[in-house]
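Trainee: Structure of the sequence below:
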Amino acid sequence: MGADLPDYYFRIRENGAAVFRVDTENRQRRIEMDQLAIINVRNGEVKPQGDRMLTEADIAAIQDWLDKRVAVLAQRDIDDIHRAVDYLNITTQWVQSKATDAQLEDVTDALLLAMHDLRTVLVRKKADRLLSEDKAQGRED
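Mentor: Take a look at the predicted model:
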């Protein structure tokens, strides 16, 4: 490992991370990691470990990581949805060209219910957006 390690290390965990201060300035030249806090990405909460007081630099590094992590997770969410659209198209092609009657019997009801549910929610959300746009542009009926 090089000598240019970051000052902080964030161990990803479900719903957040544990943040550590990285220390290589010791007699043994070992990498030591001192846990500073636990971060909850969902609500932005930072819980210092024990009686630890976080410095301004600690808080700034944590906030920077938190902002970047929220952006990464949001991007992953939309990527997952784009992949779902691809899967729907692949599924359509499979149904049309490869699926056996037994396979279709196994998945048809579940697919139809899931697609109906999705369509219902999408239509409702689109209608809500259109109504909001009309109100914002002063086109109320």
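
Trainee: What helix or strand is the residue most central in space within the chain located in?
Mentor: Residue closest to the mean C-alpha point of the chain, counted by CA atoms, centre = their mean, is Leu73 at 2.6 Å. Leu73 belongs to helix 56-97 when assigned by DSSP states H and E.

Trainee: now the angle between helix 56-97 and whichever helix or strand comes after that helix, please.
Mentor: Per DSSP H and E, helix 56-97 leads on to helix 101-136 as the next helix or strand towards the C-terminus. Angular relation of helix 101-136 and helix 56-97 on a 0 to 180 degree scale: 130 degrees, by axes from the mean of the first three to the mean of the last three CA atoms, to 10 degrees.

Trainee: For helix 101-136, what is the distance to the chain centroid?
Mentor: Centre-to-centre, helix 101-136 and its host chain are 23 Å apart (CA atoms, centre = their mean, to the nearest Å).

Trainee: same deal with stretch 35-53?
Mentor: The answer for stretch 35-53 is 19 Å, by CA atoms, centre = their mean.

Trainee: please begin residue numbering at 21 from this point
Mentor: Yes, from this point I'll number from 21; that puts the last item at stretch 55-73.

Trainee: send the alpha carbons of it over as PDB?
Mentor: Output of stretch 55-73 as PDB, limited to C-alpha atoms (Å, rounded to 0.1, in the frame of the first residue of the first chain):
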ATOM      1  CA  GLN A  55     -13.800   4.200  14.500                       C
ATOM      2  CA  LEU A  56     -15.300   7.700  14.800                       C
ATOM      3  CA  ALA A  57     -19.000   7.300  14.100                       C
ATOM      4  CA  ILE A  58     -21.900   5.400  12.600                       C
ATOM      5  CA  ILE A  59     -23.700   7.100   9.700                       C
ATOM      6  CA  ASN A  60     -27.300   6.500   8.700                       C
ATOM      7  CA  VAL A  61     -27.800   7.300   5.000                       C
ATOM      8  CA  ARG A  62     -31.600   7.300   5.200                       C
ATOM      9  CA  ASN A  63     -31.900  10.100   7.800                       C
ATOM     10  CA  GLY A  64     -28.400  11.600   7.700                       C
ATOM     11  CA  GLU A  65     -27.900  10.900  11.400                       C
ATOM     12  CA  VAL A  66     -24.300  10.600  12.600                       C
ATOM     13  CA  LYS A  67     -23.700   8.900  15.900                       C
ATOM     14  CA  PRO A  68     -20.200   9.400  17.300                       C
ATOM     15  CA  GLN A  69     -18.700   6.300  18.900                       C
ATOM     16  CA  GLY A  70     -18.600   6.400  22.700                       C
ATOM     17  CA  ASP A  71     -17.700   9.800  24.200                       C
ATOM     18  CA  ARG A  72     -16.000  10.900  21.000                       C
ATOM     19  CA  MET A  73     -16.300  14.500  19.900                       C
END
